[in-house]
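**Q** Here you go, sequence then predicted model.
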Amino acid sequence: MIRVENVHKHFGGLRAVDGATLEIAKGSITGLIGPNGAGKTTLFNVIAGMFAPSEGRVLLDGDDITGLKPHELFHRGLLRTFQIAHEFGSLTVIENLMTVPANQSGERLLDVWLKPGQIRAQERAIREKAEEVVAFLGLEAVAGELAGNLSGGQKKLLELGRTMMVDAKIVFLDEVGAGVNRTLLRTIGDAILRLNQERGYTFCMIEHDMDFIGRLCDPVIVMAEGKVLMQGTVDEVKSDERVIEAYLGRGVQNTRKVMA
Amino acid sequence: MSFLIAENMVGGYGGSDILKGCTIAVEKGEIVVIVGPNGAGKSTAMKAVFGMLDLREGSVRLGEDDITTLSPQERVRRGMGFVPQNNNVFSTMTVMENLEMGAYLREDDWSETLDQVFTLFPILKEKRQQDAGELSGGQRQQVAVARALMTRPQVLMLDEPTAGVSPIVMDELFDRIIEIRNTGIAILMVEQNAAQALAIADRGYVLVTGENRFSDSGQALLENDEVRRSFLGG
Amino acid sequence: MTVNPRACIYFGLMALALMAVGFLQSWSLALTILNLCLISSIMALGLNMQWGYAGLFNVGVMGFAALGGVAAVLVSQPPVAEAWSAGGTDLGLTVLALAAAIAIIVLVRRAMGKGPLRTFVTFVLAIAGYGFVRIFFDPASEAIESVDPSKTGYLGGLGLPIILAWPIGGLIAAGAAWMVGKIALGLRADYLAIATLGISEIVLAMLKHEDWLSRGVKNVTGLSRPVPYEIELQTTDWFLGLTESLGAAPIEASSVFVKICYALLFVAVLGILMWLAEKALHSPWGRMMRAIRDNETSAEAMGKDVTRRHLQIFILGAAVVGLAGAMLVTLDGQFTPGTYNPLRYTFLIWVMVIVGGSGNNWGSVLGGFLIWFVWVEAEPAGLWLMDLATSGLGESSTLRAHLLESAPHMRLFVMGLILLLVLRFSPRGLLPAKTRHQ
Amino acid sequence: QDDVKIGVILGFTGPIESLTPDMAASAELAMTEVTESGLLLGGATVTPVRGDSTCVDAAAATAAAERLITSDNVVAIVGADCSGVTTAIAESVAIPNGVVMVSPSATSPALTTITDNGYFFRTAPSDARQGEILADVAMERGIETVAITYTNNDYGKGLADSFAAAYQAIGGTVAATAAHEDGKADYSAEVAALAASGADTLAVFGYLDQGGKGMIQTSLDTGAFSSFILGDGMIGQSLIDNIGDGLVGTVGTVPGSDSEGAASFDVYARESGIEGDGPYRAESYDAAALIMLAMQAAGSADRAAIQAQIMNVANAPGEPIGPGELARGLQILADGGEIDYVGATNVELTDVGEAAGSYKELEVVGDSFTTIQVR
Amino acid sequence: MDDILNAIVLLTNFVIVPALAYGAQLALGALGVTIIFGILRFANFAHGDLMAFATMVVILVTWVLQDAGIGIAPLPTALIALPVGILAAIAISLFTDRCVYRFYRQKKSAPVIFVIASIGVMFMMNGIVRVIIGPDDQSFGDGARFLIQVTQFREWTGLKEGLAIKMSQALTLGVAVIAVAALFWFMQRTRAGKAMRAYSDNEDLALLSGVNPDRVVFYAWVIAATLATIAGTLYGLDKSFKPFTYFQLLLPIFAAAIVGGIGQPLGAIVGGFIVAFSEVTITYAYRKFLLYLLPAEWVPDGLVQFLSTDYKFAISFVILVVVLLVRPTGVFRGKVI
Ligand SMILES: Nc1ncnc2c1ncn2[C@@H]1O[C@H](COP(=O)(O)OP(=O)(O)OP(=O)(O)O)[C@@H](O)[C@H]1O
Ligand SMILES: Nc1ncnc2c1ncn2[C@@H]1O[C@H](COP(=O)(O)OP(=O)(O)OP(=O)(O)O)[C@@H](O)[C@H]1O
Ligand SMILES: [Mg+2]
Ligand SMILES: [Mg+2]
């Protein structure tokens, strides 16, 4: 579905992404892990059109999408969330969600002035959908709150919620789990699975919580120093020496770690 | 009587109260972990303890003194250090300058602390001339913790220090926190990686809608089924 | 839409203030102030669209207002036949030459691939084109400007009713905004500010120096009016009859009547604009604009074409400012490029938007009213204050004389004081934008 | 009626704010003189009411005029100053309300043809004529090439145009022309460009405490020009005081005559702490004087009555009246006689109600302007 | 050879020296704006009027000194009065901060609120200065006016072209260089400077590091007021003092600050020179210059001027816009509001 071919992204002398080549299969939930600073987020940014790559190209269903703007990619069904939440701070949670759907006729000024009826109907539908998402994420209590006033974890949830407002083909999740309560994260994991199975979403997610990755992802891609280190199932990855060395550490065997 | 104790805090951001009478205490040489659902008021409680939020009720005491009305920078002077959840680095300053700012109030020679910090987070030594704003998410988090360590506090408060850091760094961080605790510093920490955090905690609080729901030793909380199911994802 | 009680109170107070002027000073003055309040409101509304809706930091209000103003000249003044015959041909050639130059540049750019070479060639061609166009343009402008320079010296306008200049002024400003936006909207906040500031200075420099078009600093006075002249009214039978039946003095009545006519026109324009603006702001479109203002990156990732939306709102806002500029020139009856200075046409409008409450259309209208009112009434108020403050000094004191002498400057002082007071006690403006907090 | 109000609308704030206080003071000097004489309409006092024209903001200026006319009920207006706001006030306030305006300083040729119903007068001559006279002065002194700089408004531009046209018509060469904006920080670019033209003489049509001064200062500092030709806005002692020796030999013209009028006004004004030879001060005095004399001639402070009498008191026949002699004029009028107000600037109004204008040719000798002749 | 020297002197006299001096003047002003922007994070529109206020105090003191016959010829007397002016400027800055800005700081208002508040302060200061000293032109310079005079230079060198360097120009340039160096050192190297940068970056976090915000704000105003006084006085010595001109100076100062990268002291200096040089070089008429260098028949008839001085401001803004398009945050990566 997505093919990344020899992508480089350099900041001055720093090679944040340094020749990454990988593929994300249709219908999969692909995990992307790697040490801090491995270039995962940067790669997402290149794929999602935030940065132009210094070199290389990105294909979506065989079409070259390198250099397309984020909003164009959105219309092709490519969505992403941000590692550091990017909410619309002065809109309420509900409004944040209602802003997402594309092609709202209410976003065209002439329609606003000339076709109020049509807009009202559309708005009703969108609002219902947004309320569904809010309920799902357990944000009812803050539905009318300005998104800027949410707690760190709530912002993360909202970030995820936005991708649920439209029918996406592929969703890139950048550390949705960081800062989210683990009980809730389980529910989110269930939702991701459901979206994947019932609606055929493809996911690619960056995550540091190996339990979460282990539950959802197959395959897992490991990045280090801007390159793809390896790809495989969770178990393959977990037992790979290089991955343990660079990323997982031996803390799993640590005496502190009482929980299995 | 604990070293740092915030009792019966009530307050919020102007609208309705977020904190509804919660109490948090930490002893010297003790790690206390706060867990709870998103939006429970954990960060708010931390800010309140640090004086970044006006309390309507309740008091904060450090050692013998009532510090409820002191300003945050006055609390820093008294030996409190804090890593907030968001916006926790100086993004237009280099990593090195971030660390220097951590040592801003220190009169003594802090080069030793700096060495310790660099051994803990080797990546920071490598990137010390880079602006913190250009770091990856996890690297920023490391800078934030390192900055707080540089203050050499008596009480160290961390709001989700491990959010977004890789497992290997997280383990090291926890190891390090234990070491710090062993030097007699009080540590108060909010965590969503709750299982790992409670494992090293001496005591833990579960905070829900601004109130203490459970408080017990870390081990006991981990073993409490209800807590595990509802809050630890287990 | 619910009625905001606070808005009612403020607008009520504003009405009272204007009535007080009517009773204490004169109705004619009250109406003069009202008319300018209305125009200021429209200008503030335009700026509010750019800043309040979309967060575009436009500090070039003056330029758009001036472009709107020049429309009044170009639409309403009679054409100057001698000037057309003196320079018309050359001017036609200039237009052709310009079109040709642009066409060549566009073609060459199409033919070449992207890269520094293309930029360089474009640059060289642009300079050559500039030289080429000037071959025709220089004699044209010279010929036109030498036609009776002390009276005309320009091409004149279309000789149409001046009211048409309002929408046309809006269009001209919109066209300029399109160009400015294409160039500068990629810049971020404060950099956009300085770019727009600069561009407004450029627009003004052109209006001042391109005499063949607008007479430049020699000014165009005596523009036609959309309403009757007082002098004519004073000798018109039906009007005299009217004043007689009302028992009013014809001279005062005529000037009040004319101002009421203007006021009605302005209110109509403001009413229509407000309806459109309110509809837009409280629609999904308005929500999208606020989202874009909050976080462009994220809006872009949510499928909103931020660049296009910015351009759209920038053009709309500029058009409204241009419209107001044309209305102002119509009311003044003259177009004087020297009038335009950033203090009066940019900063004062900004003060209106902020004091009113940015993001809120009603706030802008209120800000327009309040600030203009203060701007005018600060002069006598300053004098009065000074008189009061120095009354203890005795009639012959030189200090008192000096201070009274400088009283006009108290206008600035009073203006500043009021601004600071409003800002102090209502930092988000008198009518803050509603943030639906629960 | 024992208290008559006369409006004084000048740009007390804005670009010419440094010129206006003395202009207003001169006008008010005439009013005090009349009040103290106790002869106006059998002992009426005259009170000035000031309004701020801002010089540039037509909207604010009309509002100020509106206030003076409809609220303070002034019977006539001395003002305004800059041509733009003057036109705006005249057209939308003064003329519709039937109030006389006498401007001391709006010199734009365009004002000659404004449809004023006879309500607009000015004691300053139109610029068109000054340009011709200055051209002659320059040519007679053997200056054959000049560079021109003018303040970028209708006054500067108009004067520069008329000077250039007249000068070229009698064989002079204008090597370069550059406008300067008043109140700006730096004029090196303008001076540099003008200097490159190769001319030695710079004609400056601006204001002596504005850009005009800056242009001269910069020219002297860089050695770009050594001699200057000055328009009326540049004439004043303060220019010499500020700039010093470099100006020696500079020539200029200023409206006025060598009548004892101008000199005695200077002396008279200085007693009240006004520098009487500064720009437009004498004109301001005359403007106020004309209004009050017309009032006396009409025997009433009625607005229309004043308008009807302005021309009569300004022009012959009648007893000539100079500055400081208003009491005498009032007395003659009270006794039913006729006067010809000459005033400080040799007032003689053309049939469209503006000063016909004689000009003084001045030269800087030592450290002051000296009148060479009157044209 | 002489021709080449003449050409160089010509260009130096009419382009380089004036542009350097003007650039330095703008730079000093821009430094003050940039400091406030960098630390308190708003564009201070009252800066021009702060300069006017400070200069007014200097003038008043200078007059007193001149009357008393105290001076330091050949340097201007105003330099002795400078400290008083600086103190007055600091006092009024701190006073306005206390009465106006502090409130918004505590409320964490949006930067544009500060900007508008500063417009309010600008209006008020505008009024105060005019009420005290009046709107007129004031000259207060004394001492030697020139370092080198045109006639002297011609005599010394025997060249046809002359060169003038004014005392005030040399002073301004020197002071600007010293000021920026000192400021740079202060901000980058000293503890207080680092605290200021930290504060400007992330106010809350600075508090958590123990930075005393009141101290930072105090320093910021002290520096800005000092710079304003120096800039205003030097400018007044070079040209003359007039409140309205000081207000007008604001636009090029802002342009300079922004093109250099706002919040960056070095940027302010570079920005000042970019604005000044673009104004002078692009509108200069190169005919005379070319006449020295080329055979007469090669030199075109016109003035060889790229653009008329009418478009002087326009052109400097065009350059600004171009610079910003190429480097969207100014020459030295500035901040964004
Ligand atoms: N805008 C930028 N300018 C300069 N360097 C950058 C920029 N953005 C990222 N980098 C550098 O690129 C490298 C990769 O960063 P990236 O954010 O992609 O890491 P990551 O894999 O997402 O790490 P994490 O797990 O910590 O989020 C880092 O070393 C970072 O310092
Ligand atoms: N600045 C603010 N203004 C208003 N309300 C706020 C603000 N910050 C937080 N809140 C509200 O206070 C509540 C508690 O927030 P807090 O940040 O303390 O949660 P938390 O327990 O730290 O959650 P998380 O684990 O997600 O970080 C939330 O409902 C949030 O919406
Ligand atoms: Mg990342
Ligand atoms: Mg939190």
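**A** Good, I have the coordinates. Numbering: from 1, shown residues only, chains lettered A, B, ... in the order given. Ligands and ions are numbered 1, 2, ... in the order given.

**Q** Can you tell me what sits against the helix or strand harbouring residue B:125?
**A** In the assignment (DSSP states H and E), residue B:125 maps to helix B:122-126. For helix B:122-126, contacts defined as CB atoms under 8 Å, 6 or more residues apart in numbering or on different chains pick out A:36-37, B:95, B:99, B:117-118, B:139, B:142-143, B:146. Where you see a C-beta, it was placed from the backbone N, CA and C, and this is true even at glycine.

**Q** now with 10 Å?
**A** The contact list for helix B:122-126, computed with CB atoms under 10 Å, 6 or more residues apart in numbering or on different chains, reads A:35-37, B:95-96, B:98-99, B:114-115, B:117-119, B:130, B:132, B:135-136, B:138-139, B:142-143, B:145-146, B:169, B:172.

**Q** Would you mark the buried spots in the next helix or strand after it?
**A** Using DSSP H and E, the helix or strand that follows helix B:122-126 in sequence is helix B:137-150. By neighbour count on 16 or more other CB atoms under 10 Å in any protein chain shown, the buried set for helix B:137-150 is B:137-150.

**Q** Looking at the residues you listed, which is nearest chain C?
**A** residue B:137 (15.2 Å; CB to the nearest CB).

**Q** confidence score at the closest one?
**A** The model reports residue B:137 with a pLDDT of 78.

**Q** helix, strand or coil for residue 27?
**A** No chain specified, so I'll use chain A. With DSSP: H, G, I helix; E, B strand; the rest coil as the basis, residue A:27 sits in coil.

**Q** can you count the residues close to it?
**A** Neighbours of residue A:27 under the rule other CB atoms under 10 Å in any protein chain shown: 13.

**Q** Reformat the buried residues of helix B:137-150 into a markdown table and put distance to ligand 4 next to each item.
**A** Listed next are those as a markdown table, based on distance: CB to the ion, whole Å:
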| residue | distance to ligand 4 |
| --- | --- |
| B:137 | 16 |
| B:138 | 18 |
| B:139 | 20 |
| B:140 | 16 |
| B:141 | 14 |
| B:142 | 19 |
| B:143 | 19 |
| B:144 | 14 |
| B:145 | 16 |
| B:146 | 20 |
| B:147 | 18 |
| B:148 | 16 |
| B:149 | 21 |
| B:150 | 23 |
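
**Q** can stretch B:195-210 be found next to chain C?
**A** No - using CB under 10 Å from any CB of the partner chain, stretch B:195-210 never reaches chain C; the gap is at least 16.7 Å.

**Q** How about stretch E:86-93?
**A** No - using CB under 10 Å from any CB, stretch E:86-93 never reaches chain C; the gap is at least 13.7 Å.

**Q** Tell me how far that stretch lies from the chain's centre.
**A** Its chain's C-alpha centre and that of stretch E:86-93 lie 18 Å apart, by CA atoms, centre = their mean, to the nearest Å.

**Q** Equivalent analysis for stretch E:91-111, please.
**A** Using CA atoms, centre = their mean, the offset of stretch E:91-111 from its chain centre is 24 Å.

**Q** buried stuff in that stretch?
**A** E:92-94, E:96-97, E:100-101, E:103-105, E:109-111.

**Q** Which two of these have the greatest separation?
**A** Distance extremes for those: the farthest pair is E:92 and E:110 at 25.0 Å, using CB to CB.

**Q** Would the lengthiest helix in chain E count as contacting chain D?
**A** When chain E is parsed with DSSP state H, its longest helix is helix E:213-238. Yes - Helix E:213-238 reaches chain D (CB under 10 Å from any CB) through E:235, E:238.

**Q** nearest spatial neighbour of the closest residue to ligand 2 within the stretch 151-300 of chain C, skipping sequence neighbours?
**A** Closest to ligand 2 within the stretch 151-300 of chain C is residue C:294: 15.1 Å, counting by CB to the nearest ligand atom. Excluding the flanking residues, the one nearest residue C:294 by CB to CB, 6 or more residues apart in numbering or on different chains is residue A:88, at 4.1 Å.

**Q** give me every residue that touches the one you found.
**A** Taking CB under 10 Å, 6+ apart, we find residue A:88 in contact with A:95-97, A:99, A:146-148, A:158, A:162, C:287-288, C:290-295, C:298-299, C:302.

**Q** Okay, the nearest residue to residue D:77 once chain neighbours are set aside and chain B: tell me how far apart.
**A** Leaving aside its sequence neighbours, residue D:77 sits nearest to residue D:7 (CB to CB, 6+ apart; 4.1 Å). Distance, residue D:7 to chain B, by CB to the nearest CB, to the nearest Å: 53 Å.

**Q** Wait, residue D:7 touches residue D:52, no?
**A** No - counting by CB atoms under 10 Å, residue D:7 does not reach residue D:52; the two are 11.3 Å apart.

**Q** what do these two both touch?
**A** D:64, D:80.

**Q** Considering only the buried residues of helix B:137-150, which also neighbour chain E?
**A** Contacts with chain E within these, as defined by CB under 10 Å from any CB: B:144, B:147-148, B:150.

**Q** And the helices in the stretch 101-250 of chain E?
**A** Assigned by DSSP state H, counting those that start in this stretch, the helices in the stretch 101-250 of chain E fall at E:102-107, E:111-133, E:150-157, E:167-189, E:191-201, E:203-208, E:213-238, E:243-248, E:250-260.
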